[in-house]
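1. structure of the sequence below:
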Amino acid sequence: ELAVAAGNDFIAARARDGRVWIWGTMVEPSPDLRAATDAVALDEVSLQQMAALEQQAVAAIVEETSRLGDQPLAQVLAAGERHGAFIRPDGSLWAWGANDAGQLGDGTRQARPRPVRIGAPGLWAAVAAGDRHTTAIRRDGTLWSWGDNALGQTGQGGGMGSPKPMQVGTGQTWFAVACGAGHTLALQRNGYLWAWGWNRAGQVGSFGTENAPLPVPVCIGSDARSAVPDRAWDRVAAGREHSVALRRGGVWGWGLNETGQLGILIHGKTPNRYSPAPVGLPGTWRQVAPGGAHTLALQEDGALWGWGDNASGQLGTGTTEASPKPLQIGQARWKAVAAGGAHSVGIRQDGTLWAWGRNAEGQLGYLTMADEHEPLRIDASTDWVGIAAGRSHTMAVKADGSIWAWGRWSVSELESGGGAISFGGRIDE
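-> Predicted structure coming up:
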């Protein structure tokens, strides 16, 4: 059996487990690269077939099974600026809230005080929400987006956007998605990361500030000429104008850094980053959660860290002093975290729900309406399993699948005409 072969500018080899590795000539990969290479049975590769693949070869592993898994990462809650969305266990997608740009995806631009189903049940695996747009991954690995497109955030090129889901490209290998205020990030199962939309502060990661109306690969390198697409990304998240991701277990960031939200300090200054740069945190990390102008990160051992803006106490350190350097938030161990406009929410490993930061709109769930500078427990329940934070509202899901929301633009506020503050209610009934 053939174990290794070489083309003009590349080499291909088959490992004992049957995987085929190709490296050499570097060309910009597209989201549909796997569709092109899958036409060749990877367990029957010949020298002639390898040569035929030369123009699509990239310095990466080409496998039948992807690096991150065959199914999209489950993301069942999404909180935007004034809207929210969730996916039920049956794969149905529901959305409610403001809809002036068609961000709910129900085909209208009419606000919905109660959740409405988007599309047929059984379709959806992951969802993310920006200020006025929404992006989601179906169970078949396809990527869809809808809502405002003035900045290119739906990835459809130019145009006004759509009130109905529109497919982004034709690929079927999408794994995870994240939305900032006006930009979008999407991770493929092979580890490649793509970005598009608003890029004023470099949050797309394209080495410049020009908006990207179509997906562009997020590259690693010292400048645009030497940068190459990288397939080592593990997780991705988006703040208002900054992006944070996990790469080989380490934290990387790019985009706006005026309050230190990237955690990158250079000669005492916090310059914006127009391409990914390592934050320089030791250890292995499990989750990153950027907010309006601050960032939270969760280590594998459950330790929680934060950096950036802290005017409302959203770092949870007991003060309101901003910090461009990562600070550990207490000694508790956490299971999941989310960052909103100026507030933070977390689930500890015992299943309890905590919140801190801005509370002027009731987003912490406390009747005091006062900001909290340290984590404060919300209720007595111990069965919380998932959370999401919008600009001024919060969503959470319990182990029984029930979904709850509170703060501005939660359900009861919309029902009252937008003038009231909600302190919590179940929204999936």
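2. going by C-alpha atoms from here, please, whenever you check contacts or count neighbours.
-> Noted.
3. any chance you could map the helices in the chain?
-> Counting by DSSP state H, the segments of the chain that form helices are 33-37, 47-52, 411-415.
4. worst average pLDDT in the ones you listed?
-> Note on those: lowest mean pLDDT is at helix 33-37, with a mean of 36.
5. centroid-nearest residue for this structure?
-> Ala178 (2.4 Å; CA atoms, centre = their mean).
6. what mean pLDDT does stretch 372-392 have?
-> Averaged across stretch 372-392, pLDDT comes to 96.
7. from the opening residue of that stretch to its closing one, how far?
-> Counting by CA to CA, to the nearest Å, you get 14 Å between the two ends of stretch 372-392.
8. quick check: buried residues in that stretch?
-> Going by neighbour count (16 or more other CA atoms under 10 Å), the buried part of stretch 372-392 is 372-377, 384-392.
9. stretch 257-276 too?
-> For stretch 257-276, the neighbour count (16+ other CA under 10 Å) marks 257-264, 270-276 as buried.
10. any idea how far the residue nearest to the centre of the chain is from Ala388?
-> Ala178 sits 12 Å away from Ala388, going by CA to CA.
11. then Ala129?
-> 10 Å.
12. list residues touching both of those two?
-> Common contacts of Ala129 and Ala388, defined by CA atoms under 8 Å, 6 or more residues apart in numbering, comprise Ala78, Ala79.
13. and the residue lying closest to Cys219 once chain neighbours are set aside, what pLDDT?
-> Take Cys219 and drop its neighbours on the chain: the residue closest to it by CA to CA, 6 or more residues apart in numbering is Pro229, 4.2 Å away. Reading off the per-residue confidence, Pro229 sits at a pLDDT of 93.
14. now do the one 5 residues further on
-> According to the model's per-residue confidence, Asp234 sits at a pLDDT of 96.
15. do Trp94 as well
-> On pLDDT, Trp94 comes in at 97.
16. and what of Gly202?
-> So Gly202 comes in at 98 (pLDDT).
17. next up, the contacts around it.
-> Residues counted as contacts of Gly202 (CA under 8 Å, 6+ apart) are Gly208, Thr209, His242, Trp254, Gly255, Leu256, Asn272, Arg273, Tyr274, Ser275.
18. tabulate those residues (TSV), appending distance to Arg82 and pLDDT.
-> TSV is the format used below for the contacts of Gly202 (distance: CA to CA, whole Å; pLDDT from 0 to 100):
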residue	distance to Arg82	pLDDT
Gly208	29	96
Thr209	26	97
His242	19	98
Trp254	25	98
Gly255	23	98
Leu256	22	98
Asn272	27	97
Arg273	28	97
Tyr274	28	97
Ser275	29	97
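19. which one of these is nearest to Gly292?
-> Taking CA to CA as the measure, Gly292 lies nearest His242 of these, at 8.6 Å.
20. beta partners for the closest one?
-> Listed beta-bridge partners, His242: Gly255 (assigned using DSSP bridges).
21. my read: it touches Leu256, true?
-> Yes. Applying CA atoms under 8 Å as the test, His242 and Leu256 come out as touching, 5.1 Å apart.
22. between these two, which is the more surrounded one?
-> Under the criterion of other CA atoms under 10 Å, the comparison of His242 against Leu256 puts His242 first, with 33 against 25.
23. tell me who's in contact with the more buried one.
-> The contact partners of His242, by CA under 8 Å, 6+ apart, come to Gly180, Ala201, Gly202, Gln203, Gly253, Trp254, Gly255, Leu256, Asn257, Gln261, Leu262, Pro290.
24. run the last query once more with 10 Å
-> Counting by CA atoms under 10 Å, 6 or more residues apart in numbering, His242 touches 180-181, 183, 199-205, 253-257, 261-262, 272-274, 290-295.
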